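Colleague: Following is a predicted model, sequence given first.
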Amino acid sequence: MKRKSNPPNILLIAVDSLRRDYLSCYGYGKKTSPHIDAFAEEATLFEDTISAHIPTTSAYASMLTGRDCFGTEVVALRHRGGLTEKVTTLPEILADKGYSTLSVGFKGNPASRGFENYVEFPSWGDWSERPLRKAELLNDAFLPELEQMEAADKPWFALLRHMDPHAPYLPPAPYDRMFYGGDPCEPGNTSMDPVRSFEPFAGFHLSWLPPGITDRMYVDAQYEGAIAYMDACIAVILERLRGLGALDNTIVVINGDHGETLYEHECWYDHHGLYDPTLVVPLIVRYPKKLPTGRRVSGFNQHKDLVPTLLDLAGLKTDLRFDGRSLMGLVKGKKTSFESEIYITECTWMRKHGWRTPEWKLIVALEPDFHFKPEIELYNLVEDPLENRNVAKKHPDVVAHLRGRMEAHIAGREKQTGIRNPMETQGAWHGTMTTERFETSQEAYETLRIGDAAMAKRLQAESRK
Ligand SMILES: [Zn+2]
């Protein structure tokens, strides 16, 4: 039995590739997340959470250390070596406070350093292996561990990395048809032609999509269905916690490492490109002892704020320094927003950085990209929230102003941390052995390939070396 004096358990459901705007509790027009919606009614929902350092490795590194990319020194999926010893991870902090710590589905990544126990579950497969019951397999791995941890006289911390909204999107019935009633191979529909002709990704996507697919709306509906399927499986976890009498003594967080671009921006069912579908993530925290229920909190925050928030909620003190701050400042209304101007980075399929303000987004390429996009992109997020009109040429003054603010921020963080911007020093970030840096978009286009689903799995595994 648990002692009453124990600090609360922490359950961090950190879903890979979950975009905020596809959850019904964040206003999506279809009912994709009824159980998460109900959970949010008992929780505090944050409306403006940004994943500043996409994709997976760099985002989780920030989420699990309370640091930005200058603190974690991680910007690339295929980060070389381990996480710097200068930082302490959340499981390391909590182990020191007497917690047992468990990672489900995130073994071997530099960002997942410091867990006592790692369990894995299968989360990849192609069309011939459909459906992929990723979230049920996660539950099969996690629930026995949960019962054991709950039976011991120790608080526990568990990280769950759900993979359902990460391609391949192959949810089981009825979710594969929940949001789609048409013919995926409808004759005459040409909407999937550009996906087929984008050689770097075509092999991978065609390995898990229905043979002969022509209708892009079918793929979007699989993403929606994967969320709805995962949502039902997350309900099983929450009900088990409730049944064990542990729910109210557990801080439960639903977050995403980054979002996902579906058909937008020619990024094709992946999470590269510094556009809002990939940068904006959900964050919902349930802990009725200290957090209001059914409250929606606006104001910008980032992954680096999560660790200070969890320690604050759990009543745990540490001498460690973080780049983020406890979100209780926003919840209590002491602050209306944290930094609203944010340095954003990506370094997996393209190497770019930028500066996001509530009104503008500047994206600057550090080398030519495989989409043949312009070196500088500028979007007015108020007038053009879908980021379809690059106005960099029309507003050179705004570009210069934002660039100056971004460069001042970089210089400031370099001075504070005593390192060079990891965006400049990562090296061989793209995982190819033939070049350090692409000189042209054509070279990048001809070099970068995902391959098929098995290759994609290996690519992710390579990020663990
Ligand atoms: Zn990810």
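Modeller: Perfect, I can see it now. Computed from a predicted model, the values in this text were never measured in an experiment.

Colleague: Return the residues in contact with Ala428.
Modeller: If a contact means CB atoms under 8 Å, 6 or more residues apart in numbering, then Ala428 has 78, 80, 436 as its contacts. Quick note: C-beta positions are derived from backbone N, CA and C, even for glycine.

Colleague: quick check, nearest of those residues to Leu206?
Modeller: Ranked by distance to Leu206 (CB to CB), those are led by Arg78 at 23.8 Å.

Colleague: That closest one: what secondary structure?
Modeller: coil (DSSP: H, G, I helix; E, B strand; the rest coil).

Colleague: pLDDT below threshold where in the chain?
Modeller: In the predicted model of the chain, residues 1-3, 433, 462-465 satisfy pLDDT under 70.

Colleague: Tell me what Lys361 is bridged to.
Modeller: Note on Lys361: beta-bridge partners by DSSP bridges are Arg356, Tyr379.

Colleague: Next to the ion, which bits of the protein? Give me the list.
Modeller: 16, 55-56, 257 (CB under 5 Å from the ion).

Colleague: switch to 8 Å and redo it
Modeller: When proximity is defined by CB under 8 Å from the ion, the chain lies next to the ion at 16-17, 54-56, 59-60, 166, 257-258, 271.

Colleague: Looking at the residues you listed, which are in strands?
Modeller: Under the assignment DSSP state E, those contribute nothing to strands.

Colleague: separation between Tyr379 and the ion?
Modeller: Separation of Tyr379 from the ion (CB to the ion, to the nearest Å) stands at 23 Å.

Colleague: In PyMOL, how would I select just the buried ones from the contacts of Ala428?
Modeller: Listed next is the PyMOL selection for buried residues among these, using 16 or more other CB atoms under 10 Å:
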select buried, resi 78
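
Colleague: Of the contacts of Ala428, which is the nearest to Glu446?
Modeller: Glu436 (16.3 Å).

Colleague: just checking, that closest one touches Gly427?
Modeller: Yes. If you go by CB atoms under 8 Å, Glu436 and Gly427 touch, sitting 6.4 Å apart.

Colleague: give me every residue that touches whichever residue of the stretch 351-465 of the chain sits closest to the ion.
Modeller: Closest contact between the stretch 351-465 of the chain and the ion, by CB to the ion, is at Gln460 (8.9 Å). By CB under 8 Å, 6+ apart, the contact set of Gln460 is 56, 77.

Colleague: hang on, it is in a helix, isn't it?
Modeller: Yes. Under three-state DSSP, Gln460 sits within a helix.

Colleague: and the gap between it and Ser17?
Modeller: 12 Å (CB to CB, to the nearest Å).

Colleague: what does Glu446 give?
Modeller: 27 Å.

Colleague: Also Phe438?
Modeller: 25 Å.
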